[in-house]
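Visitor: sequence first, predicted model second:
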10 protein chains.
Amino acid sequence: MVGYSGGFPMLRNIPAILSPEILYSLRAMGHGDDLVIADCNFPAYSMGCKVHRLDGLSATQVLQAVLTLLPLDSFVKDPAHTMQVVGDAEATPEIFNEFQTLINDFADNPAPIATLERFAFYERAKTAFAVIQTGESRLYGNIILKKGVIPPN
Amino acid sequence: MVGYSGGFPMLRNIPAILSPEILYSLRAMGHGDDLVIADCNFPAYSMGCKVHRLDGLSATQVLQAVLTLLPLDSFVKDPAHTMQVVGDAEATPEIFNEFQTLINDFADNPAPIATLERFAFYERAKTAFAVIQTGESRLYGNIILKKGVIPPN
Amino acid sequence: MVGYSGGFPMLRNIPAILSPEILYSLRAMGHGDDLVIADCNFPAYSMGCKVHRLDGLSATQVLQAVLTLLPLDSFVKDPAHTMQVVGDAEATPEIFNEFQTLINDFADNPAPIATLERFAFYERAKTAFAVIQTGESRLYGNIILKKGVIPPN
Amino acid sequence: MVGYSGGFPMLRNIPAILSPEILYSLRAMGHGDDLVIADCNFPAYSMGCKVHRLDGLSATQVLQAVLTLLPLDSFVKDPAHTMQVVGDAEATPEIFNEFQTLINDFADNPAPIATLERFAFYERAKTAFAVIQTGESRLYGNIILKKGVIPPN
Amino acid sequence: MVGYSGGFPMLRNIPAILSPEILYSLRAMGHGDDLVIADCNFPAYSMGCKVHRLDGLSATQVLQAVLTLLPLDSFVKDPAHTMQVVGDAEATPEIFNEFQTLINDFADNPAPIATLERFAFYERAKTAFAVIQTGESRLYGNIILKKGVIPPN
Amino acid sequence: MVGYSGGFPMLRNIPAILSPEILYSLRAMGHGDDLVIADCNFPAYSMGCKVHRLDGLSATQVLQAVLTLLPLDSFVKDPAHTMQVVGDAEATPEIFNEFQTLINDFADNPAPIATLERFAFYERAKTAFAVIQTGESRLYGNIILKKGVIPPN
Amino acid sequence: MVGYSGGFPMLRNIPAILSPEILYSLRAMGHGDDLVIADCNFPAYSMGCKVHRLDGLSATQVLQAVLTLLPLDSFVKDPAHTMQVVGDAEATPEIFNEFQTLINDFADNPAPIATLERFAFYERAKTAFAVIQTGESRLYGNIILKKGVIPPN
Amino acid sequence: MVGYSGGFPMLRNIPAILSPEILYSLRAMGHGDDLVIADCNFPAYSMGCKVHRLDGLSATQVLQAVLTLLPLDSFVKDPAHTMQVVGDAEATPEIFNEFQTLINDFADNPAPIATLERFAFYERAKTAFAVIQTGESRLYGNIILKKGVIPPN
Amino acid sequence: MVGYSGGFPMLRNIPAILSPEILYSLRAMGHGDDLVIADCNFPAYSMGCKVHRLDGLSATQVLQAVLTLLPLDSFVKDPAHTMQVVGDAEATPEIFNEFQTLINDFADNPAPIATLERFAFYERAKTAFAVIQTGESRLYGNIILKKGVIPPN
Amino acid sequence: MVGYSGGFPMLRNIPAILSPEILYSLRAMGHGDDLVIADCNFPAYSMGCKVHRLDGLSATQVLQAVLTLLPLDSFVKDPAHTMQVVGDAEATPEIFNEFQTLINDFADNPAPIATLERFAFYERAKTAFAVIQTGESRLYGNIILKKGVIPPN
């Protein structure tokens, strides 16, 4: 299976990979609601919230597309969290760096990514608005984003 | 009740008046699917398709917002239709001109608006993907748009 | 996007911006039930109660329309609450004054508006009958109303 | 069982006998949609449309309450129809006169009531937006109303 | 709006004001299940149980009709409760007397009506089988009935 | 398995064998709606209408109970039909006589029972309001009743 | 209403009074699941589990039919319970003896029936797989059965 | 994967392979209703009727189990049909003989099996009560059975 | 947005891009059922059948994955169809060649791809089992596959 | 009923006995989710999670098929559990050995099977993703599997 370079948008100004259901969730979320972008191994359906699928896409592709629309929360210190490596809470898999670079480059309110222990991450995910399950095959390819507000100018 | 100037977007780059459900429909529609933007008197629920509501907004406000996202169909001669005035098929209420100006200014593929007799308009609307019922109080404030494609560059 | 002055009623004697679903809720609510009128950033769908949308309208437009129909509760001291500014519980954003003026002018039982801390406001909202999410973009543009009774004359 | 004089409104300015579901339908109906107010013997559930119940009330009580909100259609000659007496198409039961008086007194666009043969009445009712089944026990206590528009002033 | 004297039964031997849904509930209830007959201000939809509506009818009309079918529980001392006047637990609004008279005249097992404090009444109602919301406009026009058994002869 | 003599009513004045769902249907039916009382072999679920079950009871037990509540239609010549014996349209199985006797003794408007050929009976049943499937094991133990009106006195 | 002697089976080898829904439940139940056979006064719908109805049949008729299919649990000492008479826990109404005789004669694993206090019986019933509500009019005509396994031979 | 000899019944006297849903359908079917037992290639979900699955079992295993419960129709000449081999309407695959042997040995009313052309078989299946999709891998392993009645003795 | 090379399988031996819902459909389809793999402009939701989404993936990626599981029909001459270019029925866009190469390389029963006129393609798609909407942005990136059987060895 | 040797796959490379619904669940499960393969006596429907049925098949047949697709969890010491024999926690029924052999031969990460006391097994099963109820008639023929990840190569 060969790589595929994106796709043309079905709507003007909106990244093509965001499905109707995902647009719905991004728009319906309010200040402080969480969104989980999950890898292919994440037990998404057991979280009890809505599951969107983007099979075959990487978590980083999805994060970039989401950040073009979603404001990050500036009311809290840590608007983004990844899952700690089991048994090595300080480890920083390569994908963590990619996540951070994307937030630095595309978020409206860039902030350092914090981490949560595996089962704490699951507990947090259970209160999320939705999970987007990607095809990301790299381990620990999960991130939680907290939606912010777009202040009046 | 006084006028209200729009609102700030809940998502970056997307007009604030488009609700989660409407974004869903605009994105889910395919080539050749129709969207009806209807005035407050239109019998939307009797068309048998999905109804979205934007109470209190004018049809022209909604048309402008929709056109920023939705490509118009260039495969057909008439990608937009209004409803003919009953008993005077050639009449051009002021709102027709406003619709045409918005299409000229905001559509990707501007085209002249055609018209349909009242009951032909209803029949066409029954096959539409969705109706957005606005608060438009001007009579004949209805328009049908056919979605086009965004060609690969 | 330009302002729009209201709209003509689709029913006689009823403000045009109140949708079928909102009329349903206002009528079905009983003595002591709460209604939340929320700004565009409010996490309405996470409250677990019914969500009505009035995209593109201000919270003050909606409050005025609601008060023409809904009696305020006179059995409690504080039939209306706004959300306190985070970090400054005594602050009074301009919209608070507008809310109070509308209650003074349009409510059957005018009363001073009380306030609730942000997360206390969320907890209260979770027990509400419904949330009307408006397009209000001013921060802290949220208010909770408790329905009263119309006494026999 | 003794008579009962009405009831106080649960909402300001709205007749108390109109339930949440009925308000929903009256508001959701559009130009040209039909509403059936039916007696207690009408086979409402076999019409295939939505059924609202107002048990214990007369059809005339309900007609009066409905007319305070619903505009009658002025685009057609006959915006109201009753069911002809079986075997005597010209008969005018007393309740027809009461219906006509209420329309004369309370409708925005009073018009003479036309009649439909029993089974033609059923066919018409099958395309209605909703049926309100009352407790009216007088035979032929049924009427169909076509909703009109409220023109901008 | 003028009073209306009842209506003829749609079924032989059954009071005409009891709708299909109410008959269903009365028949499905078992020994010890509670039924709430509520006034027009009661927050019926917030109780979490089934809601039946009899708009426009008084609570006393409905109580009389229900008692012709429903046996009262003789296993408990207090098979019927009204809601205490807020701030005056011993008050006896006129409607309490009417309720008692109807129970004395129509119940199979007449018993004195007991009372519950307002919020205790709500808690009890949340465990009821169903609420019938009437158009009763007199304050405190609510009563809870516990269904009994009809012993074999 | 031995016979069982009836049962005591769960509601006063209503035959005990009529379940909540059946009471619902009998009450919801209107003038001209059909009810099918069917034997244990009748293909009830293939008729496309609502199915009620009274397993273990005979069709004659059920007919008697139904007639104590349901008025028969006096607007048509034949308000009741049985299914003709296949291959012998004039045959009169014993159960036809029992049906006729029950109608004579318990109906408000007794009338002679007419018959329909087997597949005509099925076509008629497909337009019925509901089918009550009994445990009747005698062949041809089916009857269709048309509901009438109870005229005002 | 006269007695009726059973009925012929609609399926070979299966008692005719067991409806499609009851067969479903008996087959779907697993080891240790409870079934309640209840009298006509039992508050079945308030137990929160599935309700099957066999109106007009006695609890003993139903118990016999059920035991021809359902194995009783031999892993517990008390696979069957009746409800104690209120105020006389040692009383043995006649129907208890009939239940015991049927278990002795028809169960695969006959065992003495134990008893539960009224409200303990209700608590147990709330965890049951299903309730079969019969037309049994004798008081205390309720029994809970625990399903066992059929061991490989 | 090795063969597996059956299984012990979960209910007394009922073949173990018949699931709760299948028992439901067999019991709910009436005189003249059709049941399809289909091979693993049959387009069951496109028939528009209920689909039951018995993956991993042969059509002959399922036919035998079904015939122990289901009476075959004796009112028609051909109560069972197989699908003709495409291009060879007279062919008799080995499985046809096995089907016939099972009907001869287990049916209450044995009859010769008739055949239907492939697309006629599909049309017939679209009107069936249900399809049981087996794991049968032999081509043309499909059979339609028409349910009969069990006459009173 | 950069390309992404596939993903590791979430199940052994199954292409990772096939979601749970798509696996369901591929397995549930029977002999002769059609599957549509559609480009991003295809009006999938207007076809009236089930829609699966694989946003961001090309139609060729999806075709390859599907062919590793799905047998092509060998009972018909043309088991695969693409949509003809509007106005040039003989045109062969580059993606047609890629489709053909994939069928040649991965199908169990390779066959030449036939074509259908645009609206004939839509009519055929309306009878399909499901549509997989991909992110394919090349025009005419649609293909219909007919499922075959895997013969016993 | 005679044994049956498997079946040909309806999809290439996938065991034929895995139904559409089971494929869905296997694919949707994530890292750490549990799957229960249960015998015919297991109270599957009382666990509160999804139930898949494979009537007539043994638990060992099903385990083998599942292991060809499902990775076992290597993050925990005990990725598989059986239910302890009641009253003899150390007993090892023959089927335990067969389960162990299949895991040794077919799992990607073979591990020794641990055991859980009967009611602890039920508690664990209540948090599972799904239960597959087989026709396994041997007692204690139940096993819980925890899904692992397939690491990137």
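Guide: It's in.
Visitor: find the centremost residue of chain A, please.
Guide: The centre of chain A sits closest to A:I37, judged by CA atoms, centre = their mean, with a distance of 3.3 Å.
Visitor: what about A:P110, helix or strand, and which?
Guide: A:P110 belongs to no helix or strand when assigned by DSSP states H and E.
Visitor: number of residues surrounding it?
Guide: Neighbour count of A:P110, defined by other CB atoms under 10 Å in any protein chain shown: 16. The way it works is simple: take the backbone N, C-alpha and C, and place the C-beta from them, glycine included.
Visitor: residues contacting it?
Guide: Going by CB atoms under 8 Å, 6 or more residues apart in numbering or on different chains, A:P110 touches A:L72, A:I103, A:N104.
Visitor: let's see which of these end up in helices.
Guide: Members of the contacts of A:P110 lying in helices (criterion: DSSP state H): A:I103, A:N104.
Visitor: derive a ChimeraX selection command for the buried subset of the contacts of A:P110.
Guide: Provided next is the ChimeraX selection string for whichever of the contacts of A:P110 are buried by 16 or more other CB atoms under 10 Å in any protein chain shown:
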select /A:72,103
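Visitor: closest one of the contacts of A:P110 to B:P15?
Guide: For those, the residue nearest B:P15 by CB to CB is A:L72; the value is 21.0 Å.
Visitor: list the contacts of the closest residue to A:Y140 other than its chain neighbours.
Guide: Nearest non-adjacent residue to A:Y140, counting by CB to CB, 6 or more residues apart in numbering or on different chains: A:P93, 5.1 Å away. By CB under 8 Å, 6+ apart, the contact list for A:P93 reads A:V85, A:R138, A:L139, A:Y140.
Visitor: so which residues of chain A form strands?
Guide: Taking DSSP state E as the test, the strands found in chain A are A:34-38, A:50-54, A:80-83, A:114-116, A:130-134, A:143-146.
Visitor: single out the most deeply packed of those.
Guide: strand A:130-134 (a mean of 27; mean count of other CB atoms under 10 Å in any protein chain shown).
Visitor: what helices and strands are in contact with it?
Guide: With contacts defined as 3 or more CB pairs under 8 Å, 6 or more residues apart in numbering or on different chains; DSSP states H and E, strand A:130-134 has these neighbours: helix A:20-28, strand A:34-38, strand A:50-54, helix A:59-67.
Visitor: near chain I, anything from the third one?
Guide: So that's strand A:50-54. Yes: using CB under 8 Å from any CB of the partner chain, strand A:50-54 reaches chain I at A:R53, A:L54.
Visitor: below-threshold pLDDT in chain A: ranges please.
Guide: For chain A, the stretches flagged by pLDDT under 70 are A:1-9, A:153.
Visitor: go with 80
Guide: The model of chain A has pLDDT under 80 over residues A:1-10, A:151-153.
Visitor: can you get me a residue count around whichever residue of chain A sits closest to chain G?
Guide: Per CB to the nearest CB, A:G48 is where chain A lies closest to chain G, at 20.9 Å. Using other CB under 10 Å, A:G48 is surrounded by 11 other residues.
Visitor: need the contact list for the closest residue to chain C within chain A.
Guide: Here chain A gets closest to chain C at one residue, A:G30, 3.1 Å apart by CB to the nearest CB. A:G30 is in contact with A:K147, C:N41, C:F42, C:P43, C:A44, C:Y45, C:S46, counting by CB under 8 Å, 6+ apart.
Visitor: run through who's touching stretch A:63-76.
Guide: By CB under 8 Å, 6+ apart, stretch A:63-76 touches A:14-15, A:17-18, A:26, A:29, A:31-32, A:35, A:37, A:79-80, A:99, A:102-103, A:106-111, A:132, A:143, A:145-150, B:11-14, C:86, I:1.
Visitor: buried subset of those?
Guide: The neighbour-count criterion (16+ other CB under 10 Å) marks A:14-15, A:17-18, A:26, A:29, A:31-32, A:35, A:37, A:79-80, A:99, A:102-103, A:106-107, A:110-111, A:132, A:143, A:145-150, B:11, B:14, I:1 among the contacts of stretch A:63-76 as buried.
Visitor: correct me, but A:A91 touches A:M83?
Guide: No: counting by CB atoms under 8 Å, A:M83 is not a contact partner of A:A91; they are 10.8 Å apart.
Visitor: and D:E117, which of the strands of chain A is closest to it?
Guide: Between these, strand A:50-54 lies closest to D:E117; by CB to CB that is 52.4 Å.
Visitor: as PDB, could you dump the C-alpha coordinates of that closest one?
Guide: C-alpha atoms of strand A:50-54 as PDB (Å, rounded to 0.1, in the frame of the first residue of the first chain):
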ATOM      1  CA  LYS A  50     -18.600   9.200  20.500                       C
ATOM      2  CA  VAL A  51     -16.000   7.500  18.200                       C
ATOM      3  CA  HIS A  52     -15.000   8.900  14.900                       C
ATOM      4  CA  ARG A  53     -12.700   6.900  12.600                       C
ATOM      5  CA  LEU A  54     -10.000   8.100  10.300                       C
END
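Visitor: elements contacting it?
Guide: Using 3+ CB pairs under 8 Å, 6+ apart, strand A:50-54 sits against helix A:20-28, strand A:130-134.
Visitor: neighbours of the residue in chain A that chain J sits nearest to, how many?
Guide: Per CB to the nearest CB, A:P43 is where chain A lies closest to chain J, at 3.0 Å. Here the number of neighbours of A:P43 (other CB under 10 Å) works out to 20.
Visitor: ok, A:A28 next?
Guide: A:A28 has 24 nearby residues by other CB under 10 Å.
Visitor: residues contacting the closest residue to it other than its chain neighbours?
Guide: Spatially, and ignoring its direct neighbours in sequence, A:A28 is nearest to B:P20 (4.0 Å; CB to CB, 6+ apart). Going by CB under 8 Å, 6+ apart, B:P20 touches A:L23, A:Y24, A:S25, A:R27, A:A28.
Visitor: just to check, the first one is in contact with B:R27?
Guide: Yes: the pair A:L23 / B:R27 is scored as a contact, 5.3 Å apart, by CB under 8 Å.
Visitor: the more surrounded of these two?
Guide: Using other CB under 10 Å, the more surrounded residue of A:L23 and B:R27 is A:L23, with 26 against 22.
Visitor: against B:N13, how distant is the more buried one?
Guide: Separation of A:L23 from B:N13 (CB to CB, to the nearest Å) stands at 12 Å.
Visitor: where do the contact lists of the two overlap?
Guide: Counting by CB under 8 Å, 6+ apart, the common neighbours of A:L23 and B:N13 are A:I14.
Visitor: skipping adjacent residues, who's closest to the residue of chain A found nearest chain E in space?
Guide: In chain A, the residue that lies nearest chain E is A:G48 (20.8 Å; CB to the nearest CB). In space, and not counting its chain neighbours, A:G48 is closest to A:K126: 5.7 Å by CB to CB, 6+ apart.
Visitor: my read: that neighbour touches A:C49, true?
Guide: Yes: using CB under 8 Å, A:K126 is in contact with A:C49, at 7.0 Å.
Visitor: the more surrounded of the two?
Guide: A:C49 (18 against 13).
Visitor: list the contacts for the more buried one?
Guide: A:A125, A:K126, A:T127, A:A128, A:F129, A:A130, A:V131.
Visitor: mind redoing it with 6 Å?
Guide: A:A128, A:A130 (CB atoms under 6 Å, 6 or more residues apart in numbering or on different chains).
Visitor: what do you get for the one 5 residues further on?
Guide: Under the criterion of CB under 6 Å, 6+ apart, the contact partners of A:L54 comprise A:V62, A:I132, A:T134.
Visitor: which residue sits closest to it, ignoring its sequence neighbours?
Guide: Excluding its sequence neighbours, the residue lying closest to A:L54 (CB to CB, 6+ apart) is A:T134, at 4.9 Å.
Visitor: follow-up on the earlier one: and the contacts of A:P110 as CSV, adding distance to F:R118?
Guide: Putting the contacts of A:P110 into CSV (distance: CB to CB, whole Å) gives the following:
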residue, distance to F:R118
A:L72, 71
A:I103, 74
A:N104, 78
